[in-house]
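J.: what follows is a predicted protein model with its sequence.
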Amino acid sequence: MNGRDRGAGAVRMKAASAIMLFLIMIICLMGCGSFSQKAGGAEKNATEWFYEQFDKTHRNAYDAFRDLAGEPFSDDLKEITDEEGNTVQLPVSELDSVYQGFLYDHPEMFWLDRTYRFRVSGSGDDLYADAVGVIPLFRSAEELEEYEKAFLDAADLLLQEISKDTGENEIPSVLYDLLIENTDYTEEALYDPELRNEHTAYGAIAEKSAVCDGFALAYKYLLGRCGIDCIVIPGECEGAAHVWNTVYWDGAWHETDITFDASSGREREYFDLTTEEMNGDHRRETKGIGLMIPVSE
């Protein structure tokens, strides 16, 4: 692998059993170090880039996944409904993109499995889903609370480096360097399924160990705490799955890949690039949510 991250970049979904728990959402107030927390599920917020790109039917499915955050450890499925409460059906083949976008919009939900379950209606080639479920990676509310506290405490320590006097256009650079300095690239996680935290924002921030998706999700989370829009980009590099980011500052989008700089000792070679420059060795997904991401010029 030559020290580079080539795996576990794009989220892949499949059917499974499901349960869920509460979630703390973080809002940046008066600088990144200060925040208020809101329990009781994932909250619709301004950083839900992929949600805003979906049409109404896909948003209905996204809403169902989000609503499940308020149903702790329930085995029940959540029906996909529209604003009037009518049941909505979505082709099964399109659920993966919705759930992938949901997880990429919410890196603080590090405790959710990347698989989900759904209820099928229809037959033959015309299969639709009218209800969905999610799967937590923890066994109890107490265990999750412990992990969430560790995650928030570690994030707060990093964000203390951002002062009220730090300019908005400086924050992406500061956080980029902080993640490189404080988080190790752990190539073993590409081959060992037991090292799953390295693929999450929790692994990158609390355990200081990550591969590409962990770095990208952590960067989005920290920038979100500071009120800066950031998108996780699924794609590939040299034929292997990979993820990176594009960040909005100074009125434009800027592509970054912390993983490549962290794994190879480069100094900002992959910070603040245009899409054309990143395309030198990266390729975005050409389907699903990969088509919803703005170009950096």
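T.: Thanks, I have it.
J.: so who does the residue found closest to Glu94 once you drop the neighbours it is linked to in the chain touch?
T.: Leaving aside its sequence neighbours, Glu94 sits nearest to His58 (C-beta to C-beta, 6 or more residues apart in numbering; 6.9 Å). Where C-beta positions appear, they are placed from N, C-alpha and C, glycine not excepted. If a contact means C-beta atoms under 8 Å, 6 or more residues apart in numbering, then His58 has Leu90, Glu94, Ser97, Val98 as its contacts.
J.: roughly how far apart are the second one and Trp253?
T.: Between Glu94 and Trp253 the distance, using C-beta to C-beta, to the nearest Å, works out to 26 Å.
J.: so if I had to pick from these two, which one is more boxed in?
T.: Trp253 (19 against 15; other C-beta atoms under 10 Å).
J.: for the more buried one, what are its contacts?
T.: Trp253 neighbours (C-beta under 8 Å, 6+ apart): Thr246, Val247, Pro294, Val295, Ser296, Glu297.
J.: surely Ser97 is in contact with Gly288?
T.: Yes - contact criterion C-beta atoms under 8 Å: Ser97 and Gly288 qualify, at 3.9 Å.
J.: the more surrounded of these two?
T.: A side-by-side neighbour count of Ser97 and Gly288, using other C-beta under 10 Å, places Ser97 first with 23 against 17.
J.: part of a helix, is Ala262?
T.: Yes - counting by DSSP: H, G, I helix; E, B strand; the rest coil, Ala262 falls inside a helix.
J.: quick one: residues contacting it.
T.: Per C-beta under 8 Å, 6+ apart, neighbours of Ala262: Leu179, Ile180, Thr183, Asp184, Tyr185, Phe215.
J.: return the subset of these lying in strands.
T.: Of these, the ones assigned to strands by DSSP state E are Asp184, Tyr185.
J.: in a markdown table: the contacts of Ala262, plus neighbour count and pLDDT.
T.: Converted to a markdown table, these look like this (neighbours: other C-beta atoms under 10 Å; pLDDT from 0 to 100):
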| residue | neighbour count | pLDDT |
| --- | --- | --- |
| Leu179 | 23 | 96 |
| Ile180 | 21 | 95 |
| Thr183 | 23 | 96 |
| Asp184 | 14 | 95 |
| Tyr185 | 25 | 94 |
| Phe215 | 32 | 97 |
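J.: ok, so of the contacts of Ala262, who is nearest Leu103?
T.: Lowest distance from Leu103 to the contacts of Ala262 (C-beta to C-beta) belongs to Phe215, with 15.1 Å.
J.: quick one: the closest one from Ala204, how far?
T.: In terms of C-beta to C-beta, Phe215 sits 6 Å off from Ala204.
J.: how about Gly235?
T.: Separation of Gly235 from Ala204 (C-beta to C-beta): 19 Å.
J.: so which of these two has more stuff around it?
T.: Ala204 (34 against 19).
J.: is the more buried one in a helix, a strand, or coil?
T.: Once three-state DSSP is applied, Ala204 turns out helix.
J.: now do the same contact list for it.
T.: Neighbour list for Ala204: Leu179, Thr183, Glu198, Ala210, Gly214, Phe215, Leu217, Ala218 [criterion: C-beta under 8 Å, 6+ apart].
J.: ok so the third one is a helix residue?
T.: Yes - Glu198 sits within a helix when classified using three-state DSSP.
J.: identify each buried residue in stretch 244-263, please.
T.: Buried residues in stretch 244-263, counted by 16 or more other C-beta atoms under 10 Å: 244-249, 253-263.
J.: ok, Asp281 touching Cys237?
T.: Yes - using C-beta under 8 Å, Asp281 is in contact with Cys237, at 5.7 Å.
J.: Asp177 belongs to a helix?
T.: Yes - under three-state DSSP, Asp177 falls within a helix.
J.: that one: how many residues sit nearby?
T.: Asp177: 16 neighbours (other C-beta under 10 Å).
J.: any idea which element Trp253 lies in?
T.: Taking DSSP states H and E as the definition, Trp253 sits inside strand 252-256.
J.: and that strand, average pLDDT?
T.: Here strand 252-256 scores 97 as its mean pLDDT.
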